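K.L.:
no sequence for this one, just the structure:
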C-alpha cells in the first residue's frame, strides 16, 4: 500500500511516464529525486574538518564525561550553548536521574612470586575492598567451564578469568558475570583479562552486574599482558599472590540531562527522525569514539542540513543520550518523556561504534521499510557507505524500538574500536578527520531523505 502511494507521488513530482515498469520505479524515484541533495550534503561534509575540530574541542575541554560527574554536566552546558549559537531549533536539556558510582583510589600489586605494580581499572558498579585491600592467592582460569571444574580450588582466592578475545559480544560476559561466577565458587575477589583483541598494557573498564544469590565481591580488569603472565606463572607451578585495593562505591542518584536539538520539519513537524549517540563516557580517556563521535556526527548533520537550506518535511531530532555506559537511563528516560510521540517517530538512528570509516547501516523494521532504506542507501554508494543489512539499532534507541519504532545502527570499520574502547587511550588522535566527516555525511543523507519522503516508513502490522 505504502509503496504504491509513494510511487504515485514521486511519479507526479518527477513527471515520469506511466510506462515505466512499476517494479523499478520506487528505486529510480528515490535515487533520482534525492541525488542532487545527497551529493550536496556529502560534498559539504567532506569539504573541511569542522566536525573533527568540534569533537576535539569537546574532548580537550572536558575530558571524560562519566555519569554523575561535573565534567559531564559542563560538557552538556557547552553543547547546548553551541547548538543555540548554530541556530538549531528547540535546543534543550531533558532531565534524567542517573546513578553515581565513584571509582576512588585503586591498585593491584603482584606480591608473589615477585613484586610488581599491575595496571588495572575497577569495573563499573563494583563494590570496593576493605580499607586494607584483599591479599590472596590467585587462581587463573580460561573460562567459566574451567572455573566450574576447579571450583574447590577457588575458595578464599582471587579468581582471574584469562579469557581470550573472540568477539566483544562473546567475551564481555566475563566482565558482566565474572564477579558472581567467582563468588559462587567461594572466591574473595575477581579479576578479568581486559576485553580487547589488542593491548599495549592498557586496562579496559566497563559495566558489570551483581545477582542476588551470592555475596558481592570486588572485580577489576588487568591488562592482557599481565593476565597472560600470571597464567604462565601458574602453569609453571609458582604461587601467585595479588593485593587488590579498591575504594569503589555507589552514591545516591543525581540529575543529568539528555541533549536535544532539532531541525524543524516544513510540512509534518510533529513527525520525527531521531538520531544520535550517548554523551556520557567512562571515567577514563576522552570518550571520543565511545561515544562523543556519535553525538557530534548527529549534531553536525543537522547543522549542515540547515546551512545548506535542506529542511525536510519531518523534523530531524539530534539527541545526546546520557548514562548509556552504566545505567541506560538516558534511553529509557527519552522513551518515557516522548511516549506520546512514538507513533509519529518514523525512524531512530544510533551511532555507537566509533566514527571510523562508515560502510552503511544495520536496519530493524518491516520488510517494506527495509526495501526503502536499501534504496536510500544507494545514494551513499559513492562514498562506500551504502550497504544496508538486516538487524541494527543500539542500546539507547532500543527502548523506543521495543515500542515499534524502526531502528538503524551506523555500521563502521570497527577493527580498531576495541583496542581503545573503555580505556585511557580513547582520545581524539585515534580518529581520522575524513572518516568523521564521512560519518556526518552518511547520517545526514539517511536522516534527510527518510524525513522528507512523502509518507512515513511503513511499520510491521500496519
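P.N.:
Here it is on my side, so go on. Bear in mind the structure is a predicted one, so any value in this text is a computation, not a measurement.
K.L.:
quick one, longest helix in this structure?
P.N.:
When the chain is parsed with DSSP state H, its longest helix is helix 22-46.
K.L.:
check what pLDDT the residue nearest the centre of the chain gets.
P.N.:
The structure's the chain has its C-alpha centroid closest to residue 352; by Cα atoms, centre = their mean the separation is 2.8 Å. Looking at residue 352, its pLDDT reads 98.
K.L.:
distance between the next helix or strand after the longest helix of the chain and the chain's centre?
P.N.:
Per DSSP states H and E, the first helix or strand lying C-terminal to helix 22-46 is helix 50-62. Taking Cα atoms, centre = their mean, to the nearest Å, the mean C-alpha location of helix 50-62 is offset from the chain mean by 18 Å.
K.L.:
toward the C-terminus, what is the element adjacent to helix 50-62?
P.N.:
Counting by DSSP H and E, what follows helix 50-62 is helix 70-85.
K.L.:
what are the buried residues along that next one?
P.N.:
If you call a residue buried by 16 or more other Cβ atoms under 10 Å, then helix 70-85 has these buried ones: 71, 72, 73, 75, 76, 79, 80, 82, 83. C-beta: built from backbone N, CA, C; applies to glycine.
K.L.:
with stretch 29-49 instead?
P.N.:
Buried-residue list, stretch 29-49, by 16+ other Cβ under 10 Å: 29-31, 33-34, 37-38, 40-42, 44-46.
K.L.:
hmm, which of those residues is lowest in pLDDT?
P.N.:
residue 29 (92).
K.L.:
what about it, distance to residue 448?
P.N.:
Computed as Cβ to Cβ, to the nearest Å, the residue 29 to residue 448 distance reads 16 Å.
K.L.:
quick one, domains of this protein?
P.N.:
Using automatic domain parsing, the domain parsing of the chain gives 2-100+253-452, 104-247.
K.L.:
out of the ones you listed, which is the most enclosed?
P.N.:
domain 2-100+253-452 (a mean of 21; mean count of other Cβ atoms under 10 Å).
K.L.:
quick one on the thing from earlier: give the contact list for the residue nearest to the centre of the chain.
P.N.:
When contacts are counted by Cβ atoms under 8 Å, 6 or more residues apart in numbering, residue 352 touches 277, 278, 290, 291, 294, 324, 394, 395, 396, 409.
K.L.:
just those: which are in helices?
P.N.:
Among the contacts of residue 352, the members falling in helices (DSSP H) are residue 294.
K.L.:
nearest to residue 91 among the contacts of residue 352?
P.N.:
Set against residue 91, the nearest of those by Cβ to Cβ is residue 277 (17.1 Å).
K.L.:
contact partners for the closest residue in space to the closest one that isn't next to it in sequence?
P.N.:
Counting by Cβ to Cβ, 6 or more residues apart in numbering, residue 277 lies nearest to residue 294, which is 2.2 Å off, once chain neighbours are set aside. By Cβ under 8 Å, 6+ apart, the contact set of residue 294 is 276, 277, 278, 350, 351, 352, 355, 410.
K.L.:
same question for residue 270.
P.N.:
Taking Cβ under 8 Å, 6+ apart, one finds 315, 341, 344 in contact with residue 270.
K.L.:
neighbouring strands - and their directions - for the one helix or strand it maps to?
P.N.:
For residue 270, the host element (DSSP H and E) is strand 268-278. Strand pairing for strand 268-278, using DSSP bridges, gives strand 314-321 (parallel), strand 345-350 (parallel).
K.L.:
low-confidence stretches in the stretch 301-450 of the chain?
P.N.:
Applying pLDDT under 70 to the stretch 301-450 of the chain picks out no residues at all.
K.L.:
what about the strands in it?
P.N.:
According to DSSP state E, counting those that start in this stretch, the stretch 301-450 of the chain carries its strands in the segments 314-321, 345-350, 358-364, 387-390, 407-412.
K.L.:
do the stretch 51-200 of the chain as well
P.N.:
Using DSSP E, counting those that start in this stretch, strands in the stretch 51-200 of the chain cover 89-102, 106-112, 116-118, 120-122, 134-141, 158-161, 189-193.
K.L.:
any idea which element residue 234 lies in?
P.N.:
helix 224-235.
K.L.:
show me what that helix is packed up against.
P.N.:
Applying 3 or more Cβ pairs under 8 Å, 6 or more residues apart in numbering; DSSP states H and E, we find helix 224-235 packed against strand 134-141, strand 158-161, strand 189-193.
K.L.:
tell me the contacts of the closest residue to residue 82 other than its chain neighbours?
P.N.:
In space, and not counting its chain neighbours, residue 82 is closest to residue 54: 7.7 Å by Cβ to Cβ, 6+ apart. By Cβ under 8 Å, 6+ apart, the contact list for residue 54 reads 82, 296, 299, 300.
K.L.:
before we move on, the earlier item: dump the helices and strands packed on helix 224-235 to CSV, plus mean pLDDT.
P.N.:
Below are those laid out as CSV (pLDDT from 0 to 100):
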stretch, mean pLDDT
strand 134-141, 98
strand 158-161, 99
strand 189-193, 99
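K.L.:
want to throw those into a markdown table with distance to residue 176?
P.N.:
Listed next are these as a markdown table, based on distance: least, Cβ to Cβ, whole Å:
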| stretch | distance to residue 176 |
| --- | --- |
| strand 134-141 | 17 |
| strand 158-161 | 11 |
| strand 189-193 | 10 |
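K.L.:
of those strands, which is nearest residue 238?
P.N.:
That would be strand 134-141 among those, by Cβ to Cβ, at 10.4 Å.
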